[in-house]
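Enquirer: with the sequence up front, the predicted model follows.
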Amino acid sequence: MDIFPNDDFPTLERNGKTFVQVCHSTDVLRRKGTRVEFDEELQIAIFRVGERLHAVSNICPHNHSPLLHEGEINTEDCTISCPMHGWTYSLHTGRHTSSSHSHVKVYDVFEEHELVYLEKPQPVEVEWKW
Ligand code: FES
């Protein structure tokens, strides 16, 4: 599922952060990522692992590919593997599992009353290399 939030999406403040109500809990499936695109450079992938949601940047730093939402979820070690070349990131920390030089940003996400709230991302400077 792809979601394109705009200013009409409800928000709430919690712990000093702004959260956007992006979808219903049932929209985030167990074996498939949900892509939330605030703009081309601000895409976030939400994953359901067990009872928890995780949110990371959808853009793989290897090739700047916005495809992590289509990656393979490993529920045992809570990682996501990019479908392009297999780079794998922890959904807890965003760190690449075998390189200290690569990571994806992690965002706060939570469910309340069957709704999913995602931390509103701040604009980012593109920092990627081929
Ligand atoms: S673009 Fe993700 S591993 Fe290459």
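Expert: The structure has been received and is ready for your questions. Residues are numbered from 1 along each chain as shown.
Enquirer: get me the contact residues on the protein for the ligand.
Expert: Residues of the chain that fall close to the ligand, judged by Cβ under 6 Å from any ligand atom: 60, 62-63, 65, 82, 84-87. Using the backbone N, CA and C atoms, a C-beta is placed for each residue, glycine as well.
Enquirer: in helices, which of those fall?
Expert: Using DSSP state H, no member of the residues of the chain next to the ligand falls in helices.
Enquirer: most neighbours among these, which one is it?
Expert: Cys60 (25 neighbours; other Cβ atoms under 10 Å).
Enquirer: where exactly do the helices run in this protein?
Expert: Under DSSP H, the chain gives no helices.
Enquirer: tell me who's in contact with Trp87.
Expert: 60-62, 81, 96, 102 (Cβ atoms under 8 Å, 6 or more residues apart in numbering).
Enquirer: switch to 7 Å and redo it
Expert: By Cβ atoms under 7 Å, 6 or more residues apart in numbering, the residues touching Trp87 are 60, 62, 96, 102.
Enquirer: understood, closing this out.
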